[in-house]
Structures are given as C-alpha cells and as structure tokens.
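[1] sequence and computational prediction follow.
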Amino acid sequence: MTLIFIGLFILLLVLIVVSSLKKPYKVIKFAIHILGGIVGLWIVDLFLGVFGIEIPINVFTICTVALLGFPGVIVLTILQLCGI
C-alpha cells in the first residue's frame with residue numbers, strides 16, 4: 001500500500017513540474033487536486049498513526065478527498081478526532 005502512495009506522490013510531483021513549466025490544462029489541475037488530496041490523506045494518516053489516531057483509507061475516504069482535495073483531509077481528520 002505504501003508503494004502505491006509513493007508512486008502517486010511521484011506522479012503528483014511530475015504533474016506539478018509539468019504545470020509550472022507551461023500553461024496547465026484543466027485536466028492537469030484537476031489531477032493535481034485529486035492526487036494532492038489522496039497523498040495528503042496518506043501523509044496525515046502516517047503522522048497521526050504515531051499518536052494512535054488512524055484515518056481509515058477506504059473507498060469513502062478516497063472519494064471524499066478526491067472531491068474536496070486537501071480540505072477533505074482536514075474534514076476527515078476533525079471527524080476522526082471527534083470520534084465520528
């Protein structure tokens with residue numbers, strides 16, 4: 001699972017570099033938004049796992065961060081901290 005997220009992180013970095021070198025298309029912006037949310041979810045889950053708080057990575061959480069991006073990660077973190 002970690003290798004998948006590392007691959008997505010590398011893909012995110014490549015898309016950011018490509019979009020900074022030339023005018024980004026809407027598809028590239030949308031892909032950066034989605035991948036940023038998914039990679040952000042993995043990073044937040046990794047760091048909160050140290051404190052014993054885990055955000056389950058499943059279809060619902062992936063769809064949430066795919067639609068909302070990194071603000072979706074913040075929403076899921078707050079919900080997890082509240083115990084919902």
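    Nice, thanks for sending it over.

[2] hmm, who's touching the longest helix belonging to the chain?
    Under DSSP state H, the helix in the chain containing the largest number of residues is helix 26-48. With contact meaning C-beta atoms under 8 Å, 6 or more residues apart in numbering, helix 26-48 is reached by 5, 8-9, 11-12, 15-16, 18-19, 24, 54-55, 57, 61-62, 65-66, 68-70, 72-73, 76-77, 80. (Glycine included, C-beta is placed from N, CA and C.)

[3] tell me the first helix or strand C-terminal of it.
    Counting by DSSP states H and E, the next helix or strand C-terminal to helix 26-48 is helix 59-68.

[4] what about D45, how many residues nearby?
    As a burial measure, D45 scores 20 neighbours (other C-beta atoms under 10 Å).

[5] tell me the pLDDT of it.
    Note on D45: pLDDT of 87.

[6] stretch 10-22 - what's its average pLDDT?
    The pLDDT scores in stretch 10-22 average 89.

[7] CA atoms only: put stretch 65-76 into CSV for me.
    Only the C-alpha atoms of stretch 65-76 are listed here, as CSV (Å, rounded to 0.1, in the frame of the first residue of the first chain):
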residue,chain,number,x,y,z
VAL,A,65,-10.6,13.7,-0.6
ALA,A,66,-10.9,13.2,-4.4
LEU,A,67,-13.9,15.6,-4.4
LEU,A,68,-12.7,18.1,-1.8
GLY,A,69,-8.9,17.8,-2.1
PHE,A,70,-6.8,18.6,1.0
PRO,A,71,-9.7,20.4,2.8
GLY,A,72,-11.4,16.9,2.7
VAL,A,73,-8.4,15.6,4.6
ILE,A,74,-8.9,18.2,7.2
VAL,A,75,-12.6,17.4,7.5
LEU,A,76,-11.8,13.7,7.9
